[in-house]
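Student: structure for the following, please:
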Amino acid sequence: MPKLELYIPGLLAAPARLAVQLELPEVPALREWQQRSRQHASAPGRYGPLLEWLAVQHAPLAALAWYGATGERHADNSIFLATLVHFEAGMNDLVLFSGGGLEVSNEERERMARDLVDFFGDAPAFDFRQGQLFMRTPQPLVVQTVGLHDAQGKAVRGNLPRGRDSSVLHAWMNELQMFLHGHAINRERTQRRVPTLNGIWVHGEGALPLETRIQGAVVFAESLPMQGLGHLSGGAQMRGTVSDWLPARGHHVVEYADCIHALDADDAGAWQAGVARIDQECLQPLIEWLGRNSDAEAVLHAGDGRTRTLRGGRDGIAKRVFRRFANRESLRVIEE
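Tutor: Residues are numbered from 1 along each chain as shown. The predicted model follows:
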């Protein structure tokens with residue numbers, strides 16, 4: 001049976017700081033999907049589907065991203081995502097800012113990575129692969145970190161790494177702040193009047209499982225972690241357009257990152273544009289494909305802790321004439 005899973009984090013869930021600003025545009029296919037689908041509770045948040053596909057409690061984002069970028073499996077907890085961020089002084093603490101609003105170029109990331117290697121050597125080691133900066137530690141660390149998206153816009157102190165070896169990461173993060181303070185890139189950014197890159201947020205720990213619950217699926221990915229998932233499950237490809245993965249044969253997982261990128265940049269307009277584009281260019285063609293394939297199944301993971309499953313034919317899709325919704329009632333956007 002052809003099965004297609006859409007992974008679109010941020011489509012129907014947003015951080016609390018943004019939820020009140022967001023109102024769904026005209027999205028007839030999404031409304032159709034919500035009304036006609038069978039819905040079940042699932043792990044909430046942007047990485048909820050990953051947790052279920054990998055059968056883990058915490059998403060090993062760094063190991064997945066490394067696998068996606070290099071094709072190399074990392075078997076222990078000694079690799080982390082190292083994201084350049086801006087710390088702003090708050091009332092009683094530093095506040096973390098990241099995302100598209102910082103305007104960090106790949107050229108700046110690559111320059112910074114080279115300088116970090118020269119400064120730190122192998123303790124810890126830094127690698128820049130496919131736009132992502134990684135930090136590798138000499139030995140595995142027993143730590144629990146807070147993901148970048150969970151720390152965005154919040155006080156730093158309460159979100160620092162915890163666990164037996166957390167003091168090691170704290171010391172490195174402090175040293176990194178001192179290293180970045182007078183860096184040439186930050187002098188250039190000050191002249192351009194854009195926020196400095198005065199901190200590195202370390203997160204994404206965890207070891208890869210041996211296999212996934214979607215073994216044999218082909219993953220059409222935008223992000224490095226999803227490319228890593230594809231390597232684990234049996235096949236990874238870049239997403240491309242709808243025509244690249246429809247008509248589906250076998251089991252496919254397709255990632256759309258438009259919404260989550262817009263939310264990370266605190267850009268409500270880009271989020272609305274992304275939702276409208278996905279509705280027209282992805283959901284509508286997929287619903288029409290289901291109408292022509294009575295044995296097919298499609299699952300929508302929208303980031304709000306629900307799975308929404310449509311089946312061709314058996315849900316009456318093939319015999320229906322799809323109607324367009326005239327009203328513009330907004331759908332409530334819930335916190336991740």
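Student: helices of the stretch 101-250 of the chain, residue ranges please.
Tutor: 106-120, 148-151, 166-181, 184-192, 224-233, 242-245 (DSSP state H, counting those that start in this stretch).
Student: pLDDT weak spots in the stretch 1-150 of the chain?
Tutor: For the stretch 1-150 of the chain, no stretch is flagged by pLDDT under 70.
Student: the stretch 151-300 of the chain: strands as residue ranges?
Tutor: Here the stretch 151-300 of the chain has its strands, by DSSP state E, counting those that start in this stretch, at 199-203, 218-221, 235-238, 251-255, 297-301.
Student: let's have these in TSV, adding mean neighbour count and distance to Met112.
Tutor: The way it works is simple: take the backbone N, C-alpha and C, and place the C-beta from them, glycine included. Putting those into TSV (neighbours: other CB atoms under 10 Å; distance: least, CB to CB, whole Å) gives the following:
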stretch	mean neighbour count	distance to Met112
strand 199-203	24	9
strand 218-221	24	25
strand 235-238	15	26
strand 251-255	23	27
strand 297-301	23	34
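Student: I'd like the ones you listed as CSV, with mean pLDDT and distance to Ile79 appended.
Tutor: CSV is the format used below for the strands of the stretch 151-300 of the chain (pLDDT from 0 to 100; distance: least, CB to CB, whole Å):
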stretch, mean pLDDT, distance to Ile79
strand 199-203, 96, 11
strand 218-221, 94, 19
strand 235-238, 84, 19
strand 251-255, 94, 21
strand 297-301, 96, 26
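Student: can I get the ones you listed in a markdown table with distance to Asn174?
Tutor: As requested, the strands of the stretch 151-300 of the chain are exported to a markdown table (distance: least, CB to CB, whole Å):
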| stretch | distance to Asn174 |
| --- | --- |
| strand 199-203 | 10 |
| strand 218-221 | 35 |
| strand 235-238 | 37 |
| strand 251-255 | 35 |
| strand 297-301 | 38 |
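Student: next helix or strand past the lengthiest strand in the chain?
Tutor: Longest strand in the chain by number of residues, with DSSP state E as the criterion: strand 79-89. Sequence-wise, the next helix or strand downstream of strand 79-89 (DSSP states H and E) is strand 94-97.
Student: give me the contact list for that next one.
Tutor: Strand 94-97 has contacts (CB atoms under 8 Å, 6 or more residues apart in numbering) with 85-89, 151-157, 159, 195, 199, 201.
Student: got a winner among those residues for most neighbours?
Tutor: Scoring the contacts of strand 94-97 on neighbours with other CB atoms under 10 Å, the highest-scoring entry is Trp201 at 26 neighbours.
Student: need the contact list for that residue.
Tutor: Trp201 neighbours (CB under 8 Å, 6+ apart): Ala82, Thr83, Val85, Leu96, Ser98, Leu148, Ala151.
Student: as TSV, those residues with distance to Arg277 would be great.
Tutor: Formatted as TSV, the contacts of Trp201 follow (distance: CB to CB, whole Å):
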residue	distance to Arg277
Ala82	31
Thr83	26
Val85	28
Leu96	29
Ser98	24
Leu148	25
Ala151	29
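Student: nearest to Gln191 among the residues you listed?
Tutor: Of all the contacts of Trp201, Val85 has the smallest distance to Gln191: 20.1 Å, by CB to CB.
Student: that closest one touches Thr196, doesn't it?
Tutor: No - contact criterion CB atoms under 8 Å: Val85 and Thr196 do not qualify, at 10.1 Å.
Student: packing partners of the helix or strand hosting Tyr67?
Tutor: Element membership of Tyr67 [criterion: DSSP H and E] is helix 61-70. Counting contacts by 3 or more CB pairs under 8 Å, 6 or more residues apart in numbering; DSSP states H and E, helix 61-70 packs against strand 79-89, strand 125-129, strand 132-136, helix 224-233.
Student: where's Arg308, which helix or strand?
Tutor: strand 306-311.
Student: low-confidence ranges, the stretch 201-336 of the chain, go.
Tutor: Using pLDDT under 70, the stretch 201-336 of the chain drops low at 247-248, 314-336.
Student: switch the cut-off to 90
Tutor: Residue ranges of the stretch 201-336 of the chain with pLDDT under 90: 209-211, 234-250, 264-266, 292-295, 312-336.
Student: next, give me the two most distant ones among the contacts of strand 94-97.
Tutor: Longest span within these, CB to CB: Arg157 and Pro195, 20.0 Å.
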